[in-house]
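Trainee: Take a look and give me a structure for this.
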Amino acid sequence: MVEGTGGAGCRRTVTGLPEVGSSDKHTCPLGTSSAVYKQWIPDTNFENASNWDKGRTPCGNDVVLFRSSEVVSVYVQSSHSLTDIYIPLDGEFILAPGAGFAAFDGSFDPGCETASEVTFAGADNFHWYDPTLWLAATSLDNLHQGKHIFSVDEERVPCQYDDVIFLPETSFRVNIESSEQAIRLRSISIMGQKFTSDNTLAEYMQSSSAKLQFHGQGAFQLSNTRCPDKSGCECGNAADHDRICAALLQKSGNQCPQVMCKDPLKPIGHCCEMCGAIISLEYSAGFEIEVYQNRILHTFLSLAKNAGIQAAVSKVRERQTFLGTIPRSSASFIQIVLVDNRTGSETGTQAEQLAQDIVKDIAEHGVSFGIAVRTLHAATGSNRSTQEAGATIAGTVVVLFLVLLLLGAVLLLYRKGTLRSLASVRFTSLWSRKRDQDLSGETADKGFDNPIFDTPCDPAALAGACSVEEEEEAPKEMASKNSELYYINPLYDETELCA
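Mentor: Now for the predicted structure:
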């Protein structure tokens, strides 16, 4: 199916919230929204000054150069007089009505008094997974009016239920290399044509124009459906997280910008640390993300005191591993990311206060929205605070329960005598091995000298210890040495005492 681009809609509610201050009567309520529109920014238009090495559009005295190996589609919006033009071997020019090229007749052309060579800058460095190359809005009207939404980096790139738009009357070239077998979308609009099925899109992708517009080992898969889960759907770009961050950071020397807060936060799906607040929600079967987003928008973000705060609400899944290497599944949850426009020591403080208000509201009304537990983390320019409830408290209770259970088991085994029996067997085994060594003729341990107590043995004083009665008891002691209860005390050597 091929359709004309048009019609306004409401956003899918798992990506973000409109920026505060941008909402008006044309903005769709979050409770009824169901779509997000992502628009590709760069183009390869002839009239776009950024596409030329001189930073301006070629004029009459210029010689226009395209590298012979350039693979590009160029949209020409108007007519141009040029001294000369060298075109690529594999490329195309799409001419708007009345557009074209003509030889320069030498007439005066303001700003073009000096002849120059102007070279096309090329477009092979534009990647689908670069978050900086997309704009997102909740409707086509908002998109055209510049009312864009805030999202974490993974969700700035088109998600699996988004509508993608390449503007009419523009040419472009984008690398669609992907870690997935296919880039999943709801629909894609190219030069005024909206594709909603794989068959019609596949037919277009075989055209010469499509081969110039898209390159790299990638493909598209269209669903023409919205997120079917009332609790929201994950964006679906987690597999390309590293690719997204590499494209994002390439323009900043592969380094994240410095933040002004202590112990900054890193939301799931984001590439760099940030100041602000993150609220994590575990939800029950009755949770509806659109309803709750509507709650946040109208109850909190509409207040004047929260002007300057941006919010993003989405369903995410934290990637977990076993032993640090083997991936394992984890339950999805709702992540609320809040940032503000404060600076210096005030960075993040406004977002933190809003997060506190939301958490308080959840404590009072969370059950009615299907919210089970929540966790709040905040980082500001002056401090960092953490409030945890539900999941964190539950984790602490589980740990305490396990400790008490272990202590109870130890106490039970002790009362039954099991532990004492095990200890007795262990000690008996050790002393039995010592006895066997003594009986086999090995040198017995003679003890050690005590430097604090070194008194010679006085026969008179030890008369009681070395009496005949002891000699009579000697056979009994010798007999006890052959029993299992006998052991050698290394700190007491009776031979020295009765020498």
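Trainee: List the buried residues of the helix or strand encompassing Tyr204.
Mentor: Secondary structure assignment for Tyr204, by DSSP states H and E: helix 198-205. Judged by neighbour count using 16 or more other CB atoms under 10 Å, the buried positions of helix 198-205 are 198, 200-201, 204-205. For every residue, glycine as well, the C-beta is placed using N, CA and C.
Trainee: Please tabulate those in JSON lines, including the columns pLDDT.
Mentor: Listed next are these as JSON lines, based on pLDDT from 0 to 100:
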{"residue": "Asp198", "pLDDT": "97"}
{"residue": "Thr200", "pLDDT": "97"}
{"residue": "Leu201", "pLDDT": "97"}
{"residue": "Tyr204", "pLDDT": "97"}
{"residue": "Met205", "pLDDT": "97"}
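Trainee: tell me which of those is nearest to Ala103?
Mentor: Tyr204 (35.4 Å; CB to CB).
Trainee: before we move on, back to that, can you spell out which helices and strands pack onto the helix holding Tyr204?
Mentor: Contacts defined by 3 or more CB pairs under 8 Å, 6 or more residues apart in numbering; DSSP states H and E place helix 198-205 against strand 193-195, strand 220-222.
Trainee: need the contact list for the closest residue to Gly216 other than its chain neighbours.
Mentor: Distance criterion CB to CB, 6 or more residues apart in numbering; nearest residue to Gly216, sequence neighbours excluded, is Glu177 at 3.7 Å. Glu177 is in contact with 127-129, 216-218, 243, counting by CB atoms under 8 Å, 6 or more residues apart in numbering.
Trainee: For PyMOL, write the select line for the buried members of these.
Mentor: Buried subset of the contacts of Glu177, written as a PyMOL selection, criterion 16+ other CB under 10 Å:
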select buried, resi 127+128+129+218+243
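Trainee: Could I get the contacts of Glu177 in TSV, plus columns for secondary structure and pLDDT?
Mentor: Formatted as TSV, those follow (DSSP: H, G, I helix; E, B strand; the rest coil; pLDDT from 0 to 100):
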residue	secondary structure	pLDDT
His127	strand	97
Trp128	coil	98
Tyr129	coil	98
Gly216	coil	94
Gln217	coil	91
Gly218	coil	93
Arg243	helix	97
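Trainee: just to revisit the earlier point, for the residue nearest to Gly216, phi and psi?
Mentor: phi -60, psi 130 (degrees, to the nearest 10).
Trainee: so what's it scoring on pLDDT?
Mentor: With respect to pLDDT, Glu177 scores 96.
Trainee: ditto for Arg342
Mentor: 92.
Trainee: Over to Asn450?
Mentor: 49.
Trainee: Against Gln160, how distant is Thr225?
Mentor: Separation of Thr225 from Gln160 (CB to CB, to the nearest Å) stands at 10 Å.
Trainee: any weak-confidence spans in the protein?
Mentor: For the chain, applying pLDDT under 70 flags the ranges 1-34, 319-329, 382-404, 410, 412-499.
Trainee: Specify the residue ranges that define each domain of it.
Mentor: 49-119, 258-385, 418-497 (automatic domain parsing).
Trainee: ok, Ala121 - contacts?
Mentor: 50-53.
Trainee: Oh, that last question was meant for Arg67, not what I typed.
Mentor: Contact partners of Arg67, counting by CB under 8 Å, 6+ apart, are 88, 119-120, 122.
Trainee: Name the SS class of the nearest residue to Asp361 once chain neighbours are set aside, please.
Mentor: Excluding the flanking residues, the one nearest Asp361 by CB to CB, 6+ apart is Thr299, at 7.0 Å. Look at Thr299: counting by DSSP: H, G, I helix; E, B strand; the rest coil, its state is helix.
Trainee: Let the chain start at 2 from now.
Mentor: Taking 2 as the first residue, the last one we looked at is Thr300.
Trainee: Tell me how far Thr300 lies from Ala356.
Mentor: On the measure of CB to CB, Thr300 and Ala356 end up 14 Å apart.
Trainee: Next: Ala240.
Mentor: Counting by CB to CB, the gap from Ala240 to Ala356 is 30 Å.
Trainee: who has more neighbours, the two?
Mentor: A direct count of neighbours by other CB atoms under 10 Å for Ala240 and Ala356 places Ala356 higher, at 26 against 12.
Trainee: tell me which element the more buried one is part of?
Mentor: Assigned by DSSP H and E, Ala356 belongs to helix 350-366.
Trainee: That helix packs against which elements?
Mentor: Short answer (3+ CB pairs under 8 Å, 6+ apart): helix 350-366 packs on strand 277-284, strand 333-340, strand 372-380, strand 385-389.
Trainee: Tell me the helices and strands packed up against the longest one.
Mentor: Contacts defined by 3+ CB pairs under 8 Å, 6+ apart place strand 372-380 against strand 277-284, helix 350-366, strand 385-389, helix 392-417.
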